[in-house]
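1. Task: produce atomic coordinates for the following.
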Amino acid sequence: MVEHRGKLLPLLTTGRRARGGLHPLGPPLRDRPVPHVVDFHPGMSPHATVTDRMRHQIRQWEDQGDRRAIFLSCYALMTDNMLAALHGGRFQDTAWVERLLHRFAGYYFDALDCYDCGEPPAPQVWRQVHEASRHRPLHVLQHLLLGMNAHINYDLVLTLDELLRPEWGSLDEADRRKRLADHRQVNAIIAETIDLVQDSVVERHDPALEIADLLLGPFDERILSLLVSRWREEVWEKAVELLKCPERGGRRRGIRSRLEADVLRRGELLLRFG
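-> Reported below is the predicted structural model:
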C-alpha cells in the first residue's frame, strides 16, 4: 500500500470516474429515516455512552477475528478526542457539535444493524465496506480508508443535512459561518488523533508499518490529515447543495444518487490498490 500512496491519495480527492470501468453501482439508495440516537445492544447499561457501544462491538469483532474492528477502533479513538474537545470548550457551539457527533455515530450503527439483519437494506456504500472487510484480504490502511470514505463522504453529508435543515433558513450568514467553523475545527481534532491511530491501531495490526512511520516521520500523517480535510470540505459543499433542495423531490434524489455513486467509486479505487 505504501508504494501506491503517491498515486492513490490525489485520485481519492475527486469524485471523477477512473479509467478502466467500475463494477455496476446498482439502484440508487431510497430515502429512509435514520435514528436520532445510538441504539445500544441488549445487556448494555442504559447509561452507556456512544464509545461504550463502539468498544463493545470492537471486542466482539476482535474475539471473532473480524477485521472490521480496525476501522471502528480508529473511529472510537477519534470519538474519544472529540468528546475531550467538547469538554474542553474548543467549539463555538458545544451543544450543536455534541448533537452532530451522536447523530453521526447513529448513521454508522444504523447501517451496521441493517447490514446484520438485512431489513431495511444497508446503504450500498456500507455493503461495499462490510463485504470487502469480511471477505477480502485487505491491507490495514484499506480497512481504515474504506470505512472513512463511507462514513465521512456519505454519512456525514446526510447527517449535516438532517441536523442543519430545520434551522438553515433562519440562520444568518454569521451563524452559518459559525457552523462551518465548528465543522472545520473537527479537522484539527482528527489531525491530533492520527498519530495515536498509527501507533494504537495501524501498527498493532501491521507491525511492518512501524518501519515506514519511522522513515517517513510525520509526512504520512500529514498526507492523511490533508486528505480527510479535503474530503470534509467537499462534504460541507454537498450538504449545502442538499439544503438548497426541497426535502422531497427529484433534484434531491438525484444529488443523493450521485453522492452514493461517487463514494462507491472511491471505494472501488481503494480496493484496487491492494
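
2. Identify each buried residue in the helix or strand hosting residue 240, please.
-> For residue 240, the host element (DSSP states H and E) is helix 219-243. For helix 219-243, the neighbour count (16 or more other C-beta atoms under 10 Å) marks 220-221, 223-225, 227-232, 234-236, 238-243 as buried. Just so you know, the C-beta spots here come from the backbone N, C-alpha and C atoms, and that holds for glycine as well.

3. what is the rounded mean pLDDT of that helix?
-> The predicted model assigns helix 219-243 a mean pLDDT of 90.

4. helices and strands around it, which ones?
-> helix 5-12, helix 140-150, helix 157-168, helix 173-197, helix 250-272 (3 or more C-beta pairs under 8 Å, 6 or more residues apart in numbering; DSSP states H and E).

5. Mind doing that once more with 10 Å?
-> On a contact count with 3 or more C-beta pairs under 10 Å, 6 or more residues apart in numbering; DSSP states H and E, helix 219-243 meets helix 5-12, helix 140-150, helix 157-168, helix 173-197, helix 209-216, helix 250-272.

6. Sketch out the low-pLDDT regions of the protein for me.
-> For the chain, applying pLDDT under 70 flags the ranges 1-48, 207-221, 274.

7. redo that, cut-off 90
-> 1-49, 118-120, 141, 195-225, 246-250, 273-274 (pLDDT under 90).

8. Quick check: the gap between the most centrally placed residue in it and residue 54.
-> By C-alpha atoms, centre = their mean, the chain has its centre lying nearest to residue 151, at 2.3 Å. Residue 151 is 12 Å from residue 54, where distance means C-beta to C-beta, to the nearest Å.

9. For the closest residue to residue 68 other than its chain neighbours, list the residues it contacts.
-> What sits nearest to residue 68 in space, not counting adjacent residues and going by C-beta to C-beta, 6 or more residues apart in numbering, is residue 133, at 4.7 Å. Taking C-beta atoms under 10 Å, 6 or more residues apart in numbering, we find residue 133 in contact with 61, 66-71, 142-143, 146-147.

10. Among those, which pair sits farthest apart?
-> The largest separation in the contacts of residue 133, counting by C-beta to C-beta, is between 61 and 142 at 16.4 Å.

11. Comparing the two, which shows the higher neighbour count?
-> residue 142 (24 against 18; other C-beta atoms under 10 Å).

12. My guess is the residue nearest to the centre of the chain contacts residue 106. True?
-> No. Between residue 151 and residue 106 there is no contact under C-beta atoms under 10 Å: 11.6 Å.

13. Need the residues touching each of the two.
-> What both residue 151 and residue 106 touch, as defined by C-beta under 10 Å, 6+ apart, is the set residue 159.
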